[in-house]
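In: Sharing a model prediction with you, sequence too.
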Amino acid sequence: MEQNKDDNQEESNNSLSEITIAHKRVPAITDMKNCKEVSGDDSLPLDTWLLGGPLGSRNAILIFRSSALANVSDMSIQCKPAFKLHITYKVLQAETKLLAKLLECHGITEVANNSSDFNILWTGSHPKPGMLRCLAQHQRVNHFPRSYELTRKDRLYKNIEKMQHLKGYKHFDFIPQTFVMPGEYKDLCSTHHRIKGPWIVKPVASSRGRGIYIVETPNQVPLEEAVVVAKYISKPLLVEGHKCDLRLYVAVTCFDPLLIYIYEEGMVRFATVKYDASHKSLWNPCMHLCNYSINKYHSDYIKSDDPCAENVGHKWTLSALLRHLKSLGKDTAFLMSQVEDLVVKSILCSGNSIVAACKMFVPNASNCFELYGFDILVDETLKPWLLEINLSPSLACDSPLDVRLKSAMLADLLTLVGIPAIDPMLRPSTTTILSNASKANASLKMKLSGYRRVHSADGLSNTIPRKASNTQTSSNNNNNGRLTSSALSLSAEETRLVKMAKSQFERRGGFVRIFPTVDSWSRYCQYLDPITGVPIASTITSTYNLSIVHNFNLLLFNQLFPNAPSTTSVKHHVPAGSGSLDRKHDLVLLSNISLQRQDRYERKLRQGHRAALTPKKELRDSRSRELKKQICDMIKTGKRLTPSEARRVFSQYLNCVLEKIATATTDVGQVDVVLKFLQKASVYLKTPFAIKSPSHKLSEKDRAAVIAKQLNDFIYLYNRETELYSDIRNPTQLPNVAFSEFLETAGENDLEEVLYLQAVPMQGKGSAPSFQGILKCLPNVSGSFCFRSSLNRANRRSVKVSPLS
């Protein structure tokens, strides 16, 4: 279990200093109509939960607020417009505890996995084309097709590499030199002779630090696995001697036109062990890797229990780090402008394939959205480096700060995306008539697009009266949300897209729009096709290429920023005395927003739910004892767990073991038992899983952290395989409701006793086995619950046991 701040605060070599700096105030989500701050009081009028019209209006959009998580009651939920309209969500293969609570406290209910009557689909995997084609206009899905072009490490690097060759390395030098194994092994060897290692090895499609390690020479790289090998950045930015990286939340609401937002608050993750620049400690993941999923198992990890402490322990907020750097005289505005440039260019590199897939599969421009998790490392010169992009960034809330930041971010994301306030039962998503009609309309749009005239920058801007104070926000207020005079020349589809972009900007909350901006066309038009406006590709890689004759990106830029030049550098448009291209001067010139752009990243987080999502320990323990007695009595009378339920109990028990071995007081013998368990139990996994035995030369706490990380990876793979089970319930099995409630509240001893009763039915006298006893007998038990019928022993890999040093 992670250590509390108080347990280790006195150890100066392992703790991080606290920094107290004056913070600025972050505005809460506002009622856009009256520009008044919306409080979290559930007694507010109904229209404060809606935007764009009253309940029943065709244009009404739901407003989400993290404050709704506080003081939830049946009455407060039933008063929400989403509850009255029977709005629903569906979850597929995703970790959504926080999301589910946020949606349910807004009156949104979950539907079965096979239901098509949903408003929101949140999935942890790529959606299938058939499902995307059947989406109705009011439905939202949290992934675009072909997003793996960005999130698979091999595809991401190859797409960036193509742009390096096409437009010049200096424009795309934000990613370390990378090689895809095994095809580029010779190139790796030749490069290694010129620039020595170390190199960092990563599986092409993993996350949360799984399977990542560092090598000094290419001969240590496995050639039988699909991995990427990247140059290790050996001079990172250090804070109090600790290495850190950034987790930024990037939202893309449309790819054509391209709309990119960064959430103004991110997470900074620190390595637990102080950094050593020598190569003597390359084996230590808690020194060289900053992933929370790795470092939280180290006994020296400090987790703050205060949701308002943004610069305490091994997890900070982005704003706290920026304020710290600014106090040291660092140029944080320039750093964040580089980060924004990195994010935009990364998405542009892969945008071509995603646009083509959207045109083929997605019927409406607003159906899909994406929340990417950008992992960025800053070096000692304050240059940001892209490490990876996560398809479904973790929404787990292991600390109060996680709850606060992620609840605020999720509420703002759902508001930004715009969930129409429409009853899904009244607007069925899949019928033969609607499906055929949507296909016909899509076909007609594609045919007409070939004859649509491409709007030039001059033609559009000449129809708009130029005013020095004309901005997107002011024009919306002056015209009561109507389009500018050039809207008369726009088609219905173009008008819809412009309205969508403007309305999203109004309800952006804590998100900062980084594309389009006042200078985006002058900075990025060279990476866009001059005819279609779609991100260019050096080669034809997509199987979904369509003939697109429009330029929505240029159209939108001219509609949002009519006074901004589209072909000349913005620096010639900045008033005398201003010598930089940064967004501060752009906003002063072309926007009435009082706060400068980069300052938004430094403002202290004000929103977010500040309480834990789990019940109080006393209530949980009391309820757990009661439920355990019921479950045990049922098992003794002949009731049984289904295979899926038994695996879920086993997984929960292993999580308790994981917390135990991550503490400083863990018995060394227990850690060795866990290692032996992993060596035996991993053979039962359908997915090959190599066990690495840490050297006995390591300190006990480092060795325990390495084994804990491997146990965490085992649990992840085990849970993924459990999801493939479909239980057929019968009268001899436990009631589903009782089991689910028991699993939520059960402690280690409760789970241990249930597992023992399930595996070894008690006869006469007996007692639950000890910690080591249950682990020693459970590998065989877990094997009986695995894929015995579908596993071919000839295809199983033997367990690999290799030293880390």
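Out: Sure, I can see it.
In: make it CA atoms for all contacts and neighbour counts henceforth
Out: Noted.
In: Quick check: pLDDT value at residue 9.
Out: At residue 9, the model reports a pLDDT of 37.
In: bridging residues for residue 140?
Out: Residue 140 has these beta-bridge partners by DSSP bridges: residue 120.
In: Please list all residues in contact with it.
Out: Residues near residue 140 by CA atoms under 8 Å, 6 or more residues apart in numbering: 119-121, 366-369, 419.
In: how many other residues sit next to residue 422?
Out: Neighbours of residue 422 under the rule other CA atoms under 10 Å: 24.
In: Just give me the neighbour total for the closest residue to it other than its chain neighbours.
Out: Counting by CA to CA, 6 or more residues apart in numbering, residue 422 lies nearest to residue 85, which is 6.5 Å off, once chain neighbours are set aside. Neighbourhood size, residue 85 [other CA under 10 Å]: 18.
In: ok, back up a step: counting neighbours, which of the contacts of residue 140 comes out on top?
Out: Greatest neighbour count in the contacts of residue 140, by other CA under 10 Å, goes to residue 119: 27 neighbours.
In: Specify the beta-bridge partners of residue 202.
Out: Taking DSSP bridges as the rule, residue 202 bridges to residue 228.
In: helix/strand/coil for residue 254?
Out: Judged by DSSP: H, G, I helix; E, B strand; the rest coil, the three-state class of residue 254 is strand.
In: tally of neighbours for it?
Out: Close neighbours of residue 254, defined as other CA under 10 Å, add up to 22.
In: For it, list the residues it contacts.
Out: Residues in contact with residue 254, defined by CA under 8 Å, 6+ apart, are 260, 365-366, 368-369.
In: Could you measure from it over to residue 143?
Out: According to CA to CA, to the nearest Å, residue 254 and residue 143 sit 11 Å apart.
In: ditto for residue 343
Out: 18 Å.
In: ditto for residue 631
Out: Separation of residue 631 from residue 143 (CA to CA) stands at 39 Å.
In: So for the two, which sits in the more crowded spot?
Out: Counting neighbours by other CA under 10 Å for residue 631 and for residue 143 shows that residue 143 has the greater number, 26 against 21.
In: I'd like the distance between the more buried one and residue 366.
Out: Where residue 366 is concerned, residue 143 sits at a distance of 12 Å (CA to CA).
In: Report how many residues lie close to residue 717.
Out: Look at residue 717: counted by other CA under 10 Å, it has 16 neighbours.
In: So it: helix, strand or coil?
Out: Assigned with three-state DSSP, residue 717 falls in the helix class.
In: who's in contact with it?
Out: Residues in contact with residue 717 (CA under 8 Å, 6+ apart) are 685, 687.
In: switch the cut-off to 10 Å
Out: By CA atoms under 10 Å, 6 or more residues apart in numbering, the contact set of residue 717 is 682, 685-689.
In: Buried by neighbour count, from these: which ones?
Out: Buried residues within the contacts of residue 717, counting neighbours by 16 or more other CA atoms under 10 Å: 682, 685-686, 688-689.
In: want to throw the residues you listed into a markdown table with distance to residue 112 and secondary structure?
Out: Below are the buried ones among the contacts of residue 717 laid out as a markdown table (distance: CA to CA, whole Å; DSSP: H, G, I helix; E, B strand; the rest coil):
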| residue | distance to residue 112 | secondary structure |
| --- | --- | --- |
| 682 | 32 | helix |
| 685 | 28 | coil |
| 686 | 27 | coil |
| 688 | 32 | coil |
| 689 | 32 | coil |
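In: wouldn't residue 740 be in contact with residue 645 here?
Out: Yes. Residue 740 lies in contact with residue 645 (CA atoms under 10 Å); the separation is 9.0 Å.
In: For the two, work out which one has more neighbours and name it.
Out: Counting neighbours by other CA under 10 Å for residue 740 and for residue 645 shows that residue 645 has the greater number, 20 against 12.
In: How about the backbone phi and psi for that one?
Out: Here is the backbone geometry of residue 645 (degrees, to the nearest 10): phi -70, psi -40.
In: Tell me where the longest helix sits in this protein.
Out: For the chain, the longest helix by residue count, based on DSSP state H, is helix 332-361.
In: Check the offset of the helix or strand that comes right after it from the chain's centre.
Out: Later in the chain than helix 332-361, the nearest helix or strand by DSSP states H and E is strand 370-378. Averaging C-alpha positions (CA atoms, centre = their mean, to the nearest Å) puts strand 370-378 8 Å from its chain's average.
In: next structured bit after strand 370-378?
Out: Assigned by DSSP H and E, the successor of strand 370-378 is strand 384-390.
In: quick one: that next one to chain centroid distance?
Out: A distance of 13 Å separates the centroid of the chain from that of strand 384-390, by CA atoms, centre = their mean.
In: Which strands or helices does that strand pack on?
Out: Secondary-structure packing of strand 384-390 (3 or more CA pairs under 10 Å, 6 or more residues apart in numbering; DSSP states H and E): helix 148-151, helix 153-167, strand 242-255, helix 332-361, strand 370-378.
In: For the stretch 551-700 of the chain, give me the ranges with low pLDDT.
Out: For the stretch 551-700 of the chain, applying pLDDT under 70 flags the ranges 565-598, 611-623, 663-668.
In: hmm, back to that, between the buried ones among the contacts of residue 717, which is closest to residue 402?
Out: Comparing the buried ones among the contacts of residue 717 against residue 402 with CA to CA places residue 689 closest, at 29.8 Å.
In: Wait, that closest one touches residue 715, no?
Out: No. Using CA under 10 Å as the test, residue 689 is too far from residue 715 to be in contact (11.3 Å).
In: Now for residue 70, how many residues are close by?
Out: Residues near residue 70, counting by other CA under 10 Å, number 15.
In: swap in residue 194?
Out: With neighbours defined by other CA under 10 Å, the count for residue 194 comes to 8.
In: export the helices and strands packed on strand 384-390 to JSON lines and tack on distance to residue 215 and mean pLDDT?
Out: Below are the helices and strands packed on strand 384-390 laid out as JSON lines (distance: least, CA to CA, whole Å; pLDDT from 0 to 100):
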{"stretch": "helix 148-151", "distance to residue 215": "23", "mean pLDDT": "94"}
{"stretch": "helix 153-167", "distance to residue 215": "18", "mean pLDDT": "95"}
{"stretch": "strand 242-255", "distance to residue 215": "18", "mean pLDDT": "97"}
{"stretch": "helix 332-361", "distance to residue 215": "27", "mean pLDDT": "94"}
{"stretch": "strand 370-378", "distance to residue 215": "19", "mean pLDDT": "97"}
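In: coming back round to it: wait, the residue nearest to residue 422 touches residue 57, no?
Out: No. Look at residue 85 against residue 57 with CA under 10 Å: they stay out of range, at 11.6 Å.
In: Identify the contacts common to those two.
Out: Residues touching both residue 85 and residue 57 by CA under 10 Å, 6+ apart: 421-422.
In: So residue 525, which state does it fall into?
Out: At residue 525 the chain is in helix, as set by three-state DSSP.
In: Residue 555: which element?
Out: helix 552-560.
In: Any chance you could give me that helix in CSV, C-alpha atoms only?
Out: Taking Å, rounded to 0.1, in the frame of the first residue of the first chain, the C-alpha atoms of helix 552-560 are listed here in CSV:
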residue,chain,number,x,y,z
PHE,A,552,-13.1,23.0,-43.9
ASN,A,553,-10.0,24.0,-41.9
LEU,A,554,-9.4,27.1,-44.0
LEU,A,555,-13.2,27.9,-43.9
LEU,A,556,-13.3,27.6,-40.2
PHE,A,557,-10.2,29.6,-39.7
ASN,A,558,-11.5,32.5,-41.7
GLN,A,559,-14.9,32.4,-39.9
LEU,A,560,-13.4,32.4,-36.5
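In: and the angle from it to strand 242-255?
Out: Following axes from the mean of the first three to the mean of the last three CA atoms, to 10 degrees, one obtains 90 degrees for the angle between helix 552-560 and strand 242-255.
In: Counting by contacts, list what helix 552-560 packs against.
Out: Counting contacts by 3+ CA pairs under 10 Å, 6+ apart, helix 552-560 is packed against strand 258-263, helix 457-461, helix 472-478, helix 492-506, helix 520-524.
In: mean pLDDT for those: which is lowest?
Out: Among the helices and strands packed on helix 552-560, helix 457-461 has the lowest mean pLDDT, at a mean of 31.
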